[in-house]
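Colleague: coordinates only, no sequence provided:
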Ligand code: NDP
Ligand code: 8X3
């Protein structure tokens, strides 16, 4: 029987790269995001290139009722979800707390923390019923350390780290696996453009060093998912070679790789 992966935030960046790698490896996919056209385009491409089935679900993870309605309406044959990749997330703004924008704070907390929880509550119930499943959360280096002006984004990712650890304690007795990947800077994503409100100049944060690519992270997610069922990788903290932590980055130029 084909395995099924549900990926939140599959319309760009890490989620999109993960969808591709899972499709390549024969998984059927449930892909989600707010941009419906992108989901439909992805469905077409992945189905024709890899011969897998793709179910697009168009919802905003912040909207509790929408999440419930969409996930509970999944056709029965799609409910045998093997893997949930909680990837949808974002940073908005980059300023000290006194200068911070409260709407941005709410967007980050509602998406990165509450959205992840809304999806996980429903999918984990299905997995417990099926007596199998694996949840992989996309955390961040920002879930392990803080940096100037990162305050609320870092807090939201520290919450993801705490949720991953809590899920592990809640679910091991049901035979579910729980993991997370905590990347540093990742390019081939819209992350910086979203954080800086579409300001291309401010979002040019990868010009002078080589960060991770979305494919690097997707490959790590797939590595975690493809371990034998007795192996639970709890966290992978990963950065580009030129990035030592959130603050120390060798910005003397992009080294050849
Ligand atoms: P992108 O902006 O490229 O992708 C973010 C994805 O999340 C999109 O598919 C977007 O879809 C989805 N998303 C955002 N808000 C919502 C929402 N309210 N409801 C549903 N989907 C939503 O960025 P990345 O690929 O970089 O981000 C993926 C994850 O990786 C995030 O959790 C981010 O925090 C994390 N991360 C990113 C790093 C980086 O440097 N890029 C480093 C470490 C972690 P749509 O807009 O269509 O809804
Ligand atoms: C994204 C990495 O350093 O911008 O989570 O917080 S960072």
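Modeller: Great, that's in hand. Quantities reported herein were computed from a predicted structural model and do not represent experimental measurements. Ligands and ions are numbered 1, 2, ... in the order given.
Colleague: only C-alpha atoms from now on, for both contacts and neighbour counts.
Modeller: Fine.
Colleague: name the nearest residue to residue 239, sequence neighbours excluded.
Modeller: residue 184 (4.7 Å; Cα to Cα, 6 or more residues apart in numbering).
Colleague: next one: phi and psi at that neighbour?
Modeller: Here is the backbone geometry of residue 184 (degrees, to the nearest 10): phi -80, psi -150.
Colleague: tally of neighbours for it?
Modeller: By other Cα atoms under 10 Å, the residues close to residue 184 number 20.
Colleague: same check, this time on residue 29
Modeller: Residues lying near residue 29 (other Cα under 10 Å) number 26.
Colleague: repeat for residue 222
Modeller: Neighbours around residue 222, by other Cα under 10 Å: 16.
Colleague: helix, strand or coil for residue 103?
Modeller: helix (DSSP: H, G, I helix; E, B strand; the rest coil).
Colleague: enumerate the residues of this structure near ligand 1.
Modeller: With Cα under 6 Å from any ligand atom as the criterion, the chain meets ligand 1 at residues 9-15, 33-35, 59-62, 87-90, 111, 138-140, 183-187, 189-191.
Colleague: can you flag which of those belong to helices?
Modeller: Those of those mapping onto helices are 13-15, 191, per DSSP state H.
Colleague: contacts for stretch 32-47 next, please.
Modeller: Contact with stretch 32-47 is made by 6-11, 20, 23, 31, 52-60, 88, as judged by Cα atoms under 8 Å, 6 or more residues apart in numbering.
Colleague: same thing with stretch 90-101?
Modeller: By Cα under 8 Å, 6+ apart, the residues outside stretch 90-101 that reach it are 104-105, 107-108, 111-112, 148-151, 153, 191-192, 194-197.
Colleague: if we use 10 Å, what do you get?
Modeller: Residues outside stretch 90-101 that contact it (Cα atoms under 10 Å, 6 or more residues apart in numbering): 9, 103-109, 111-112, 148-154, 156-157, 190-197.
Colleague: circling back to that earlier point, just the buried residues from the ones in helices among the residues of the chain next to ligand 1, in PyMOL please.
Modeller: To isolate the buried members of those in PyMOL, using 16 or more other Cα atoms under 10 Å:
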select buried, resi 13+14+15+191
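Colleague: in CSV, list the ones in helices among the residues of the chain next to ligand 1 along with pLDDT and distance to ligand 2.
Modeller: Below are these laid out as CSV (pLDDT from 0 to 100; distance: Cα to the nearest ligand atom, whole Å):
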residue, pLDDT, distance to ligand 2
13, 98, 12
14, 98, 11
15, 98, 14
191, 98, 8
